[in-house]
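Visitor: okay, here's the prediction I keep looking at, along with the sequence it came from:
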Amino acid sequence: MKKAFLQLHLAVFLAGFTAILGKLIELNEVLLVFYRVLIAVPVLALLIAFRSGFKSLHPKYAFQAAAVGCIIAIHWVAFYASVKYANVSVALVCFAATGFFTALLEPLVMKKRIEVTELMLGLLSIAGIYIIFDFYPQFQTGIIFGVIAAVGSALFPIFNKQLLNHLSPAHLTLFSLSGCVLFLPLVIPVYLQFFPAAYAYPTATDWLWLTVLAILCTIIPFDLQLKSLRKISAFTVNLTYNLEPFYGIGMAFAIFGEHREIGWKFYLGMLLVMISLLLQMYRVWRQPERKQVVIKNE
């Protein structure tokens with residue numbers, strides 16, 4: 001059991017490290033995501049082939065998973081744009097607003113009643129983001145991208161929940177990332193018209209960090225998460241992933257010294273977001289355990 005908990009927390013830590021790598025990789029964010037999935041897809045395919053092999057799948061569900069991959073691509077591009085146009089800490093604070101958009105969008109997509117408590121907790125995080133937006137104009141573009149990333153982060157798990165009834169987590173992730181690979185070449189020319197890239201091909205340093213991002217922070221967390229699920233409940237896995245912003249912001253402070261770029265108003269906004277997150281964690285912890293798990297694609 002202890003090993004499983006260590007595996008789970010390592011997976012969450014590595015997920016939080018993706019924002020750090022987004023700042024270390026100087027490549028434009030849309031190209032960064034493209035090269036990330038270009039590396040990750042064949043590695044994951046080899047892992048599946050080695051472990052369990054490919055099973056006969058209905059093309060309908062493979063296509064739907066690839067379509068969800070388009071949402072993931074938009075989420076990732078917006079997230080790394082938030083890192084680059086603001087900083088890691090701001091991007092992760094905005095990412096924590098996912099709860100608000102989930103509370104708003106899931107009932108609309110699934111045609112069920114809106115949970116007022118979830119919506120209010122989400123609004124608390126939005127208030128925190130607004131404080132940062134209002135007092136730090138230099139971060140405003142990054143915050144807008146961060147909010148878009150949070151919308152994407154809220155949407156793709158909603159659709160994943162349904163697809164997990166028909167696809168294994170491994171195949172769902174593979175087809176989703178494959179959808180990213182097919183979708184991004186259509187987006188890149190348009191995106192670069194508005195947000196030009198300094199260069200199109202990764203440098204040697206970029207390739208190093210991209211490989212780390214694609215394998216250490218994409219494939220390995222996925223693998224660790226599945227291993228931990230053998231001993232730990234899906235409920236605990238989903239709850240633990242709420243720690244990702246804490247890990248990421250702590251690393252950003254330690255590695256980049258981002259605490260020197262911000263003042264007390266940022267901490268006030270972040271406090272509201274974190275209170276919302278902690279209250280939601282407590283609320284979920286008190287609920288009966290759920291059977292389903294939403295595989296994280298961070």
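Guide: Yes, it's here.

Visitor: can you tell me how far residue 240 sits from residue 225?
Guide: Separation of residue 240 from residue 225 (CB to CB, to the nearest Å): 10 Å. Backbone N, C-alpha and C define where each C-beta goes, glycine included.

Visitor: so between these two, which is more surrounded?
Guide: residue 225 (25 against 18; other CB atoms under 10 Å).

Visitor: can you tell me the element the more buried one falls in?
Guide: Using DSSP states H and E, residue 225 sits in helix 220-228.

Visitor: spit out the residues that contact residue 240 and residue 225 alike.
Guide: The contact sets of residue 240 and residue 225 overlap at residue 8 (CB atoms under 8 Å, 6 or more residues apart in numbering).

Visitor: mind showing which ranges of the stretch 101-250 of the chain have poor pLDDT?
Guide: 226-227, 229-230, 232-239 (pLDDT under 70).

Visitor: now the helices for the protein?
Guide: 2-24, 29-51, 59-85, 88-95, 98-110, 116-135, 140-163, 169-194, 204-211, 220-228, 234-240, 244-256, 264-286 (DSSP state H).

Visitor: give me whichever of these is most buried.
Guide: Most buried of those, by mean neighbour count (mean count of other CB atoms under 10 Å): helix 88-95, with a mean of 28.

Visitor: list the contacts for residue 135?
Guide: 263, 265-266, 269.

Visitor: again, but for residue 43
Guide: Applying CB under 8 Å, 6+ apart, the residues contacting residue 43 are 214-215, 219.

Visitor: with residue 178 instead?
Guide: If you count contacts by CB under 8 Å, 6+ apart, residue 178 has them with 41, 66, 69.

Visitor: can you do 6 Å?
Guide: Going by CB atoms under 6 Å, 6 or more residues apart in numbering, residue 178 touches 41, 66.

Visitor: look up how far residue 103 lies from residue 115.
Guide: Residue 115 is 6 Å from residue 103, by CB to CB.

Visitor: for residue 273, same thing?
Guide: 15 Å.

Visitor: can you count the residues close to the residue lying closest to residue 197 once chain neighbours are set aside?
Guide: Computed as CB to CB, 6 or more residues apart in numbering, the closest residue to residue 197 that is not its neighbour in sequence is residue 28, at 3.5 Å. As a burial measure, residue 28 scores 22 neighbours (other CB under 10 Å).

Visitor: re the thing from before, format the contacts of residue 135 as JSON lines; extra columns: distance to residue 231.
Guide: Shown next, in JSON lines, are these (distance: CB to CB, whole Å):
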{"residue": "263", "distance to residue 231": "43"}
{"residue": "265", "distance to residue 231": "43"}
{"residue": "266", "distance to residue 231": "38"}
{"residue": "269", "distance to residue 231": "37"}
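
Visitor: so which of these is the closest to residue 109?
Guide: For the contacts of residue 135, the closest approach to residue 109 (CB to CB) belongs to residue 269, at 28.6 Å.

Visitor: quick check: residue 132 touching residue 269?
Guide: Yes - assessed by CB atoms under 6 Å, residue 132 is found in contact with residue 269 at 4.0 Å.
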